[in-house]
Structures are given as C-alpha cells and as structure tokens.
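Peer 1: Based on what follows, work out the 3D shape:
(one chain, ligands or ions: 1)
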Amino acid sequence: MSNSDFTPRDNFGSKFGIVAAAAGSAVGLGNIWKFPYVAGQNGGGAFLVVYLLFIIAIGLPVMLSEFSIGRRAQRNAIGSFKKLAPGKPWYLVGVMGVAAAFLILSFYSAVAGWTLEYVAKSVTNAFAEKNETELNNMFGSFISGTWRPLFWQFIFMILTAWIVVAGVKKGIEKYTKILMPLLVVMIIILCIRSVTLPGSGEGLAFLFRPDFSALSADAVLSALGQAFFSLSLGMGTLITYGSYIGKNDNLTGTVLHVSAADTIIAILAGVAIFPAVFAFGIDPGEGPGLVFITLPNIFQQMPGGYFFALLFFILLAVAALTSSISVLEVVVAYFVEELNLTRRRATILAASMITVLGVFCTLSFGIMSDVSIFGLVFFDLMDFTASNLLLPLGGFFIVMFVGWFLGAGPSRKEISNEGILKLGYFPVFIFLVRFVAPFAIALVFIYGLGLIRF
Ligand code: PHE
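Peer 2: Residues are numbered from 1 along each chain as shown. You can find the predicted model right below:
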C-alpha cells in the first residue's frame, strides 16, 4: 500500500490556484523561447495555423483526459493507470511519461540556466550599445562555454528542487499566482515596442500571413510536438496536477482557461519577436538563440531598457521555474507514492539524476558539439525524442484510455463532478477522444517520421 493511503493528499487551495498552477506549468520557455524559434524555422504563419488546429482538436481533449484520469485515481502518472486499470499494461503510458520528464527537464534546465545568465547580464548592463553581431557573439560565446552555463543550470535545478520539496500548496501555488500576470504585462509592453519599430510590418506578415507551400512534413510534426510541449501534455504532468484538484472544481473550465492563456502568450511572444527580427535583419530561422539575441536588441531601443530587460529576464526565469517544478513533480510524485521515498529524498534523487543528463545537453553547445547521435547533438536528441515522439505517443494512449478503456460513463461522471455539472458538449468530447485525436496524432506521427507521403 502506498503512503498516500494514510496521509491525506496535498491539494490546491483555491480555484484560481489550480488555474495558476496549471497555467504556470503550461506557460514557460515553451511559449517564449521555443514557440518563436520553432515557428521561425518552420515558415511562420502556416506553422501557426497548424499549431492552433492541433491545440483545439488534440490539445483540449488530451488535457481534459489527463485531468480526469488524475482526479479520478488520486495518484501520480504511473499509479493512476495502475489504479484505474489494475493488472493491465496501461501503466506503461505513465512509465513513458516519467521517462519524458527526465529528458525534458535535462534540456529545459539548460535553457533556463541561460535565462539566469541573462538576468546577470541585465544587471551589469551588458547589452548596452551592442549591435546585432555583437549580441549574437555574446550569446554564442556564452553557450559554447563550459563552466558558466553549467553553473547556471545547477542553480536552476537547485531552485526547482527547493520549491518541489516545499510541496504543492506552499511551494507551487504560492509562486505562480503573483508572477504569471506580471509576465503577461511585460510581454505586452514588448509587443508594443516591437511593432512600432521601423520595418516591423514584414514580421507581422511572416507570423500572420500563412504560406502553406512552405509547410513540410517535419514542420507538421514539430507543430504537434510544440502543441504538446507548450500545453504540458502527454507525460502525466496534468494527471499529477489533476490528482491535486478538488472534487468540486470544474475541470473543463480549467482546461479552457489554461489553454487559452498558453496560446495567447505564445502568440504574444511571436508578436514581440518577429517584428523585431525583421526590423533588425535577424534570421527568423536562427534557432535556439533567437529570443536571446532579439530581445536584448529590443530593450536597447526602449526608454528604460535597462530596467525592462532586468524585469523581463527575471520573469522569464520564473516562468521557466513554474514549468520545471511541474516536470519534476511528475517524477517526485511517482517516487513518493510508488517507491515510498520521503518527498525530500525523492526530490534530491530525481533532481540529481536529471542534472547529470542535463550536463550533456548544456555541453552539446560547447565541447560536445561534434558528438551526435542519429545526426542530432545531445540537446536536440533529448528535445526531439521527448517533444516530438514521447509526448504525442503518450497523448495518443491517454485519449485511447479515456475514450475506449474508461469509456463514456465513468469519464462523464468524473468530468461532470458525479453528475452535478451539465455537460452539453460531452458527445463532442467523446468523439474527439475516441476518433479525431487518436487518428490525427497517428497520422501526423507516421507522416512526420516519413513513413508515409501524400
Ligand atoms: N509547457 C512548458 C513550457 O511551455 C514545458 C513543459 C512541458 C512543462 C511538459 C511540463 C511538461 O515551457
């Protein structure tokens, strides 16, 4: 028997707390760092359209499925499947999720470390009077170093572990509630500056005027991977968080709030980045450095840029933190409930293992840059395997589980709070989880991997 049978489970304290914690998980580097750079590499507007379609047809049903599995089972990602499908292999979906958590946090903590370096650079006013090339070199020489990026990655992992040890209500909820809204305000200020730069129109056209002839099979798979990554889906993060949601809370409402917030922030990040990218003549396909080169450029063009840069990179680091704690929580909840470790031990163990993996990700921009596996450096291998393979595959099995294994009756009971809420949309949901989402994921998957071509 796991120890959660003896101690009451920690729960989120308020309705806003749930939305803030789940949105805190969803909104992070995925929106502000990854979305612009992946959209930039995959043609802009057409990528955005496909991404939005995936959010609606796949993201929403997968998110509601994850919440209902977690809240019904009151367990971690693996334990939930074991409880709802005893003796069946469904728990392997949770195992895949825990594996994905290791991979994601290993490269996520690398980039989060970069944001801390950029906080430090903001403090010392390091961007002042630098042109595009100098900012580019500054970023390049930092990430290709050894000790500095590793140092910040360690600091970031320590912060993440520290909050996770504090537990759900005291740790996770407290921090997300205040800082997320502030981040949104900052991004809106950046958008205003970016679109008023001379020559910014081309950037808006790049993002909002889709050119479908530029859309490759790779881009479609990346859009799917990005939808999963950005909404924190497919690896049991929201199963785990769902297990902390009270029985009277409205799951569907939470899903709509969280995905709307996540999507709006990704688009706003695009609006902040692309006009400036074109105004400064930066290559939109620049890659992982895109925001780290573009944003300091914008700050320099703003009155009070010193102050804004500092505040922005602090908030970005915090957004990364509220996401990384949700990734670590997947592993920790599993270690605590299934392996009966104390929360502190579980956190230290998980964080240390992930940090070891993370070292390879960080070094793949420097001394390990010629080590590649399947043609990808370690960082890209972790990202591709987790985001484009494990998460969509996890999502596929999660909707199959809810649609076909649990079935309409029990899912309806869970989502309607045992019949209290009226669910006019339920037939649509069941249709999406049974047919649309699995079919779409399967199709994109085999198409994106090049197994079929139209
Ligand atoms: N959604 C987070 C982001 O956009 C990353 C994340 C992925 C968090 C998967 C949890 C699980 O930054």
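Peer 1: Tell me how many other residues crowd D370.
Peer 2: Residues near D370, counting by other C-beta atoms under 10 Å, number 7. In this view, the C-beta of every residue, glycine as well, is placed from N, C-alpha and C.
Peer 1: how close does it get to I187?
Peer 2: 37 Å (C-beta to C-beta, to the nearest Å).
Peer 1: cool, and A23?
Peer 2: Plainly put, A23 is 14 Å away from I187 if you go by C-beta to C-beta.
Peer 1: ok, now T355?
Peer 2: Per C-beta to C-beta, T355 is found 30 Å from I187.
Peer 1: Contact partners for L197?
Peer 2: For L197, the contact set (C-beta atoms under 8 Å, 6 or more residues apart in numbering) comprises 275-276, 279-280, 298, 301.
Peer 1: Now do the same contact list for the residue in the stretch 151-300 of the chain positioned nearest to the ligand.
Peer 2: Nearest residue of the stretch 151-300 of the chain to the ligand: S232, at 3.5 Å (C-beta to the nearest ligand atom). Shown in contact with S232 (C-beta under 8 Å, 6+ apart): 22, 25-26, 238, 323, 326-327.
Peer 1: name the element it belongs to?
Peer 2: Secondary structure assignment for S232, by DSSP states H and E: no helix or strand.
Peer 1: Go through the helix or strand hosting L393 and flag the buried ones.
Peer 2: Assigned by DSSP H and E, L393 belongs to helix 391-400. For helix 391-400, a neighbour-count test (16 or more other C-beta atoms under 10 Å) marks 391-400 as buried.
Peer 1: Kindly format the C-alpha coordinates of stretch 251-259 as PDB.
Peer 2: C-alpha atoms of stretch 251-259 as PDB (Å, rounded to 0.1, in the frame of the first residue of the first chain):
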ATOM      1  CA  LEU A 251     -12.200  20.500 -15.000                       C
ATOM      2  CA  THR A 252     -13.500  21.800 -18.300                       C
ATOM      3  CA  GLY A 253     -13.300  25.400 -17.200                       C
ATOM      4  CA  THR A 254      -9.700  24.900 -16.000                       C
ATOM      5  CA  VAL A 255      -8.800  23.300 -19.400                       C
ATOM      6  CA  LEU A 256     -10.300  26.300 -21.300                       C
ATOM      7  CA  HIS A 257      -8.600  28.900 -19.100                       C
ATOM      8  CA  VAL A 258      -5.200  27.200 -19.200                       C
ATOM      9  CA  SER A 259      -5.100  26.500 -22.900                       C
END
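Peer 1: Which residue ranges of the chain form strands?
Peer 2: Along the chain, the stretches classed as strands by DSSP state E are 372-373, 376-377.
Peer 1: Mind checking these for the one nearest to the ligand?
Peer 2: Per C-beta to the nearest ligand atom, nearest to the ligand of those: strand 376-377, 19.0 Å.
Peer 1: can you pull the contacts of the closest residue to T146 other than its chain neighbours?
Peer 2: Spatial nearest neighbour of T146, excluding adjacent residues (C-beta to C-beta, 6 or more residues apart in numbering): G366 at 5.6 Å. Listed by C-beta under 8 Å, 6+ apart, the contact partners of G366 are 143-146, 149.
Peer 1: Mind doing that once more with 7 Å?
Peer 2: By C-beta atoms under 7 Å, 6 or more residues apart in numbering, the residues touching G366 are 144-146.
Peer 1: count of neighbours near F102?
Peer 2: 21.
Peer 1: what's the spacing between the residue lying closest to it once chain neighbours are set aside and G234?
Peer 2: Of all residues not flanking F102 in the chain, I354 sits nearest, at 5.7 Å (C-beta to C-beta, 6+ apart). Distance, I354 to G234, by C-beta to C-beta: 18 Å.
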